[in-house]
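Engineer: Structure for the following, please:
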Amino acid sequence: AHGVPSRPMLLNLIWLGFFVCAFAVALVRLVQGDAEVFPKLLAAMFDSAKTGFDISLGLVGVMALWLGLMRVGERAGMVNDLARLVAPLLRQLFPGVPAGHPAQGAMMMNISANLLGLDNAATPLGLKAMQELQSLNPEPARASDAQIMFIVLNTAGLTLIPTSVIAIRQTLAVKQGLVGFNAADIFLPTLVVTAISLLAALIAVAVMQRLPLWRARFALPLGAAVAGLGAVLWGLSQFPPEVSARWVGLAGSVFICALVLVFLLAGAFQRLPVYEVFVEGAQEGFSVAVHIIPYLVAMLVAIGVFRASGCMDALMQLIASGVHAMGWNADFLPALPVGLMKIVSGSGARGLMVDVMQTYGVASFPAKLAAIIQGSTETTFYVLAVYVGSVGIKDTRYALACALLADGVGIVVAIGVGYLFFR
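Structural biologist: Down below sits the predicted model:
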């Protein structure tokens, strides 16, 4: 029952499709006289494999740090206290997770870190949450409902402030000699897009899991959370975007530092040997990071050959032809590759965004739209590979389908919001 499923999964089919499409397109290019295409594919395979290993190795340090702190927090009872605090909402989204279970505390800390844009903290906290959820999973090789909901919400990538995107825009504005340029003017549009994308992800998974969205016990806690987030967004919108970005960045740093101190002091108050407990938890960091390597290498190699073969360019040409054929406004097309690339590669999407800003100017509509897309979407395949790989899940069920649906909604909404705010 715990072996590899005999029924082909969507992730298996897409992974295989990356290679088949890459080979087919490369073969066409070879027939057309491009003798370099297959050497490029081979180079992409080896480079991507090395990148996957390097990323996994880079996770060892932060995994050791956060798993050590989490162990102290668990032994001190702080994680359980946090779980009880957020239980009313998480109980509705994750009905299979018992009230007060450590998974609730880990999930809440992961969500908080994501909101504040603290990627270095969010990933290890998310992997810890996956481990806790796996302890409740009766079929370890198959993703549970709770794990699917958690993964898909992470791929939606709700972040209050797209700090890195704003920093890149400001740097390029200076290089392009723009005076008085507001690099944070994408703040509100990005928030709108990422919130709608998150809602789409939540609804998609809720429908698949038959969660009673219309019932008061589900709608009230969810509505309270949405209202709280809306109040925060309204408060931030009352300040200039650059001020809001600075305050959120400060809040994130204070939150993490305070969390570390509270966990350690709580452990000391409980008379725990906090140093030994930290080291005990940190030792898991290496094993978790190593366990991720094959999953991440497999995904990055497939994406690498897909990009190197020119499949992404061919897809963009097909979309552009359709847009022109229907007579639609095509001003968004230069930014569209950023959204498509972000699903498979964060660094690739960042490079495309910078290219759009340099080609059209950082103050142009395509550049603003590219920034909105980059700041409001997540690298779905990377998140899926890392999260399921950390606990050895082979059957992701409908997780990828729901995540890709949310990605599609996010890209479409980003284009619409971009036209609404900047055209």
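
Engineer: gap between stretch 382-402 and the chain center?
Structural biologist: Mean-position distance between stretch 382-402 and its chain equals 13 Å (CA atoms, centre = their mean, to the nearest Å).

Engineer: ok, now stretch 375-395?
Structural biologist: Per CA atoms, centre = their mean, the centroid offset for stretch 375-395 relative to its chain is 8 Å.

Engineer: From one end of that stretch to the other, what's the distance?
Structural biologist: 30 Å (CA to CA, to the nearest Å).

Engineer: Give the rounded mean pLDDT of that stretch.
Structural biologist: For stretch 375-395, the per-residue pLDDT values average out at 88.

Engineer: Buried ones in that stretch, by neighbour count?
Structural biologist: By 16 or more other CB atoms under 10 Å, the buried positions in stretch 375-395 come out as 375-391, 393-395. Glycine gets a C-beta too; all of them are placed from N, C-alpha and C.

Engineer: so who does the closest residue to Phe278 other than its chain neighbours touch?
Structural biologist: Spatially, and ignoring its direct neighbours in sequence, Phe278 is nearest to Gly68 (4.0 Å; CB to CB, 6 or more residues apart in numbering). Residues near Gly68 by CB atoms under 8 Å, 6 or more residues apart in numbering: Val277, Phe278, Val279, Glu280, Gly281, Ala282, Gly285.

Engineer: what's the answer for Tyr398, then?
Structural biologist: Listed by CB under 8 Å, 6+ apart, the contact set of Tyr398 reads Leu10, Ile148, Val205, Met208.

Engineer: Which of the residues you listed has the largest number of neighbours?
Structural biologist: The member of the contacts of Tyr398 surrounded by the most neighbours (other CB atoms under 10 Å) is Val205, with 25 neighbours in all.

Engineer: Among the contacts of Tyr398, which ones are in helices?
Structural biologist: With DSSP state H as the criterion, helices contain Leu10, Ile148, Val205, Met208 from among the contacts of Tyr398.

Engineer: Over to Ala414: give its phi and psi.
Structural biologist: The phi and psi values for Ala414, taken as degrees, to the nearest 10, are phi -60, psi -40.

Engineer: got a list of what it touches?
Structural biologist: Pro189, Val193, Gly339, Leu369, Ile372, Ile373, Ser376, Thr377.

Engineer: so how far is Phe421 from the first one?
Structural biologist: Distance from Pro189 to Phe421, counting by CB to CB, to the nearest Å: 5 Å.

Engineer: Could you list the low-confidence segments of the stretch 51-200 of the chain?
Structural biologist: 83, 86-87, 116-121, 158, 160-161 (pLDDT under 70).

Engineer: One more pass at 90, please.
Structural biologist: 51-93, 95-96, 98-128, 154-172, 174-175, 178-196, 198-199 (pLDDT under 90).

Engineer: can you give me the helices in it?
Structural biologist: With DSSP state H, counting those that start in this stretch as the criterion, the stretch 51-200 of the chain has helices at 78-93, 102-115, 119-134, 145-156, 163-175, 187-208.

Engineer: Same question for the stretch 301-423 of the chain.
Structural biologist: Using DSSP H, counting those that start in this stretch, helices in the stretch 301-423 of the chain cover 311-325, 336-344, 346-360, 365-376, 380-391, 399-422.

Engineer: Dump those to CSV, plus distance to Ser48.
Structural biologist: CSV is the format used below for the helices of the stretch 301-423 of the chain (distance: least, CB to CB, whole Å):
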stretch, distance to Ser48
helix 311-325, 14
helix 336-344, 11
helix 346-360, 11
helix 365-376, 21
helix 380-391, 12
helix 399-422, 19
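
Engineer: Out of these, flag the one nearest Val174.
Structural biologist: Closest to Val174 of the helices of the stretch 301-423 of the chain is helix 346-360 (CB to CB; 12.2 Å).

Engineer: just checking, what packs against that closest one?
Structural biologist: helix 163-175, helix 336-344, helix 365-376 (3 or more CB pairs under 8 Å, 6 or more residues apart in numbering; DSSP states H and E).

Engineer: Now tabulate the ones you listed in TSV and tack on distance to Leu250.
Structural biologist: As requested, those are exported to TSV (distance: least, CB to CB, whole Å):
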stretch	distance to Leu250
helix 163-175	11
helix 336-344	27
helix 365-376	19
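
Engineer: Pick the most buried one from those helices.
Structural biologist: helix 365-376 (a mean of 27; mean count of other CB atoms under 10 Å).

Engineer: Now do that helix: which elements does it pack against?
Structural biologist: In terms of contacts (3+ CB pairs under 8 Å, 6+ apart), helix 365-376 is packed against helix 163-175, helix 187-208, helix 336-344, helix 346-360, helix 399-422.

Engineer: for these, which one sits closest to Gly310?
Structural biologist: Nearest to Gly310, of those and by CB to CB, is helix 336-344 at 12.6 Å.

Engineer: Need the mean per-residue confidence for the closest one.
Structural biologist: For helix 336-344, the per-residue pLDDT averages 87.

Engineer: Contacts for it next, please.
Structural biologist: For helix 336-344, contacts defined as CB under 8 Å, 6+ apart pick out 303, 306-307, 312, 315-316, 319, 348-349, 352-353, 356, 370, 373-374, 377-381, 404, 407, 410-411, 414-415.

Engineer: check contacts around Ala43.
Structural biologist: Ala308.

Engineer: Make sure it is indeed in a strand.
Structural biologist: No - assessed with DSSP: H, G, I helix; E, B strand; the rest coil, Ala43 is helix; it does not lie in a strand.

Engineer: could you measure it against Thr171, distance?
Structural biologist: Separation of Ala43 from Thr171 (CB to CB) stands at 30 Å.

Engineer: Just give me how far stretch 272-282 sits from the chain centre.
Structural biologist: Worked out by CA atoms, centre = their mean, stretch 272-282 lies 30 Å from the chain centre.

Engineer: related to what we said a few turns ago, mind checking which of Pro189 and Phe421 has more residues around it?
Structural biologist: More crowded of Pro189 and Phe421, by other CB under 10 Å: Pro189, with 22 against 16.

Engineer: From Ile415, how far off is that one?
Structural biologist: For Pro189, the distance to Ile415 equals 11 Å [CB to CB].

Engineer: same check, this time on Leu85
Structural biologist: Leu85 sits 38 Å away from Ile415 when distances are taken as CB to CB.
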